[in-house]
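1. Predicted coordinates and the sequence they were generated for:
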Amino acid sequence: MNSPIIEIPSGSFMIPPFPVDAPEDYVPKDNFPFCCNYHSTTFRNIEGWFERFPNCCEPHKKMSKEWWYKKATYEGVSLKILNCVAYTQHHIAVHVNNRDWYKDITDYIEYILHSFGTPGIGSDRYLNLLKESLNSIRVEDKPLTILKKKPILEYLNMQSGPSKGSRTDLNAVITTYQKWLKLFPFDLFPFNRIKGHFENQLPIIQGTIEYNPYLKMAKGKPHTPSSLIEFLCGLTKQILEKINSSDLVKKGEIADTERHSMNIIAERHRIKQSALLVDYSKSELKYITVLKSWLKNEKVFFAEINPILKQISQSEISKTSMDMIIKIPTELKALAAALKNLDFGRFLQSDSFENLMLKNDLDELWSAVIKQVNPGDTIYVGNTRVHQEAFFFATEQLWINNRPKFYRFTSIVIAGLKTWVKADKDFSEITEAISKLDFSKEQLQVINSAVSKSKPEATVKQAKVTSENKKIFVGHGKGSLWREVEAYLRDEGLPFESFESNNRTGEHIIDILKGFLDSSVFAIIVVTADDETAGGTIRARQNVIHEIGLFQGRLGFEKVAILKQNEAEEFSNNAGLQHIPFPKDNIRTAFHDLGQSLKKAGIKAKK
């Protein structure tokens with residue numbers, strides 16, 4: 001693996017020194033530094049050293065051979081050293097009684113040390129003279145007490161000479177984090193929700209980052225591999241503590257417990273194999289032990305509940321899984337049973353229901369509930385389980401936490417269902433169920449005034465449509481950005497369809513696609529970054545690429561608009577197509593160009 005951080009030896013470059021201005025309230029002595037015997041003698045001694053420089057010592061002799069070295073860069077350093085000592089003495093005297101005196105004084109000293117550049121020619125003499133002056137101060141004559149003098153001297157001693165501590169290897173720190181990232185079971189639910197967050201983190205800094213107002217720079221202490229491992233051990237426990245598998249099962253977030261058990265076993269095996277084959281330090285083995293123990297406990301838990309769940313027959317599961325997992329309140333069970341007898345799941349997947357949510361400002365509530373019960377964001381056509389779980393989860397929460405909103409939401413949905421189902425459907429069970437739930441007269445009127453009629457949605461296997469009633473096909477991969485495209489088309493008064501428009505249980509995918517090709521006058525394909533490749537790039541779902549080719553072949557290139565997320569990998573034969581880019585989750589930025597493409601194809605808004 002290539003090192004992500006390139007280290008440059010300090011001797012192969014230089015950072016030039018910069019001048020330091022005197023503090024605003026500083027008053028220099030007359031004829032400084034020849035104001036007294038001490039300063040004049042000190043100045044001559046420093047000048048004598050600078051005359052010999054760089055032949056004063058072996059390190060400076062070696063430095064003088066570097067390509068960047070010029071003695072003229074350091075002219076005037078003798079006077080600068082004495083001035084900086086005087087400035088620092090003044091700064092200490094002014095700020096030593098402040099509340100944050102230690103940070104303020106050490107920040108100023110750090111600023112002075114930076115002013116000598118890198119390498120810091122003259123900084124060692126500055127530090128020695130400053131320590132000498134502080135040691136000579138009599139505490140009773142100055143504002144600097146013994147309790148404050150000592151920590152300042154300790155700070156100066158830490159800055160003097162080469163660092164006694166070990167050098168931090170940032171590449172080793174990064175490697176340590178990547179080992180943990182690769183080992184942690186982020187592909188196991190629900191950790192997959194936070195995988196992206198930790199993949200985008202690089203916790204190099206430990207503790208807090210501090211700002212130096214004199215340097216106008218922020219600084220932080222870098223982690224060592226050892227300190228990072230300790231941090232990762234704590235982080236591992238912190239993440240695991242937040243997981244309650246019992247609650248996840250009750251809420252229906254882990255619906256297929258047997259498959260989840262297999263995933264736990266696979267992850268535990270992977271981690272054990274990694275511990276055998278990869279070199280981990282004794283400290284790293286601490287978080288590995290925690291992970292193995294946690295996965296073992298999870299394996300035992302699911303091994304205990306799976307036989308219990310198996311005892312329930314498939315028919316009983318279809319009728320009672322909602323009651324068992326989501327804990328529908330007793331008052332709502334009769335309503336739940338009645339709704340399931342009326343194609344309720346298919347209604348929740350229909351365009352009619354989506355329009356109903358939008359019209360009544362309930363779309364955000366519905367989207368949030370769908371994500372709560374289906375965090376993977378993948379819903380297969382014909383599978384109504386997720387939508388039914390979402391509805392009953394919403395009614396449960398509203399019943400407990402917001403009873404007025406429960407009545408409004410439920411009455412709107414039941415009224416919408418009544419207008420959607422066929423007229424011969426029996427609503428007597430629902431009528432009886434809602435009579436026990438204290439709906440207001442107004443809400444009952446909304447439900448009772450809804451008139452049943454034949455379902456408006458046609459199946460894909462329909463008669464050949466005419467050019468006047470053809471629609472715009474919306475194809476997509478994972479995620480929900482395509483819904484914003486449908487909302488845009490709806491606002492423009494343009495008819496559209498997608499896989500989610502109707503229930504397609506039992507239909508072959510070839511027949512479904514043929515139906516779309518026959519009934520579409522234009523296609524909008526939303527290309528999003530969904531699948532990671534072996535090379536580390538993220539490409540679109542392959543069914544999306546297939547749909548592009550199908551509709552180009554049938555409708556022509558000018559009637560296929562590709563809305564491509566910038567993060568998605570480029571795909572072959574993309575040049576020359578209607579390719580409208582958009583950044584990350586802001587697909588609305590593509591709507592202006594999309595409107596132009598529709599107009600160019602002869603499709604105008606009907607609003």
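-> Okay, I see it.

2. And the pLDDT for E132?
-> Model confidence at E132, given as pLDDT, is 90.

3. Skip ahead from the helix or strand containing it and say which helix or strand is next.
-> When elements are assigned from DSSP states H and E, E132 belongs to helix 123-136. Downstream of helix 123-136, the next assigned helix or strand under DSSP H and E is helix 146-159.

4. Now do the buried residues in whichever helix or strand comes after that following helix.
-> Next helix or strand after helix 146-159 toward the C-terminus (DSSP H and E): helix 170-183. Neighbour counts over helix 170-183 (16 or more other CB atoms under 10 Å) mark L170, V173, I174, T176, Y177, K179, W180, L183 as buried. C-beta here means a position set from N, CA and C on the backbone, and glycine is covered the same way.

5. The fifth one: what's it in contact with?
-> Which is Y177. Counting by CB atoms under 8 Å, 6 or more residues apart in numbering, Y177 touches L202, P203, L228, L232.

6. try it again with 7 Å
-> Y177 makes contact with L202, P203, L228, according to CB atoms under 7 Å, 6 or more residues apart in numbering.

7. Looking at those, spot the one nearest N586.
-> Nearest to N586 among the contacts of Y177 is L202, at 25.6 Å by CB to CB.

8. lowest confidence element among the helices and strands of the protein?
-> helix 314-326 (a mean of 39; mean pLDDT, DSSP states H and E).

9. just checking, A529 is part of a strand?
-> No - judged by DSSP: H, G, I helix; E, B strand; the rest coil, A529 forms no part of a strand; its state is coil.

10. Quick check: it touching I538?
-> Yes - A529 is in contact with I538 according to CB atoms under 7 Å; the separation is 3.9 Å.

11. Only whichever of the contacts of Y177 are buried, select them in ChimeraX.
-> A single ChimeraX command is used to select the members of these judged buried by 16+ other CB under 10 Å:
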select :203,228
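
12. Filter the contacts of Y177 down to the ones in helices?
-> Of the contacts of Y177, the ones assigned to helices by DSSP state H are L228.

13. can you redo the contacts of Y177 as a markdown table with distance to H60?
-> Formatted as a markdown table, these follow (distance: CB to CB, whole Å):
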| residue | distance to H60 |
| --- | --- |
| L202 | 37 |
| P203 | 39 |
| L228 | 37 |
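
14. For Q349, state which of the contacts of Y177 is nearest.
-> The closest of the contacts of Y177, once distances to Q349 are taken by CB to CB, is L202, at 41.9 Å.

15. pLDDT value on the closest one, please?
-> Looking at L202, the pLDDT reads 76.

16. number of nearby residues for the residue lying closest to E298 once chain neighbours are set aside?
-> Once flanking residues are discounted, E298 sits nearest to I264: 5.1 Å by CB to CB, 6 or more residues apart in numbering. When counting by other CB atoms under 10 Å, one arrives at 24 neighbours for I264.

17. Against which helices or strands is the helix holding E132 packed?
-> Judged by 3 or more CB pairs under 7 Å, 6 or more residues apart in numbering; DSSP states H and E, helix 123-136 is in contact with helix 77-95, helix 146-159.

18. Next, the buried residues of the first one.
-> What that stands for is helix 77-95. Those would be 77-78, 80-92, 94-95, for helix 77-95 by 16+ other CB under 10 Å.

19. Repeat that for stretch 103-115.
-> Quick answer for stretch 103-115 (16+ other CB under 10 Å): D104, I105, T106, D107, Y108, I109, E110, Y111, I112, L113, H114, S115.

20. about what we covered before: and for A529 and I538, which residues touch both?
-> Joint contacts of A529 and I538 (CB under 7 Å, 6+ apart) are E567, A568.

21. what about the helices in the stretch 301-450 of the chain?
-> In the stretch 301-450 of the chain, the helices defined using DSSP state H, counting those that start in this stretch lie at 314-326, 330-340, 344-348, 351-359, 363-373, 385-401, 403-420, 428-434, 441-449.

22. and the shortest one, how far out from the chain's middle?
-> Translated: helix 344-348. 33 Å (CA atoms, centre = their mean, to the nearest Å).

23. Only the C-alpha atoms, please, for it, written as PDB.
-> Provided in PDB are the C-alpha atoms of helix 344-348 (Å, rounded to 0.1, in the frame of the first residue of the first chain):
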ATOM      1  CA  PHE A 344     -54.300  -2.400   1.200                       C
ATOM      2  CA  GLY A 345     -50.600  -3.100   0.400                       C
ATOM      3  CA  ARG A 346     -51.100  -2.500  -3.300                       C
ATOM      4  CA  PHE A 347     -52.900   0.800  -2.600                       C
ATOM      5  CA  LEU A 348     -49.900   2.000  -0.500                       C
END
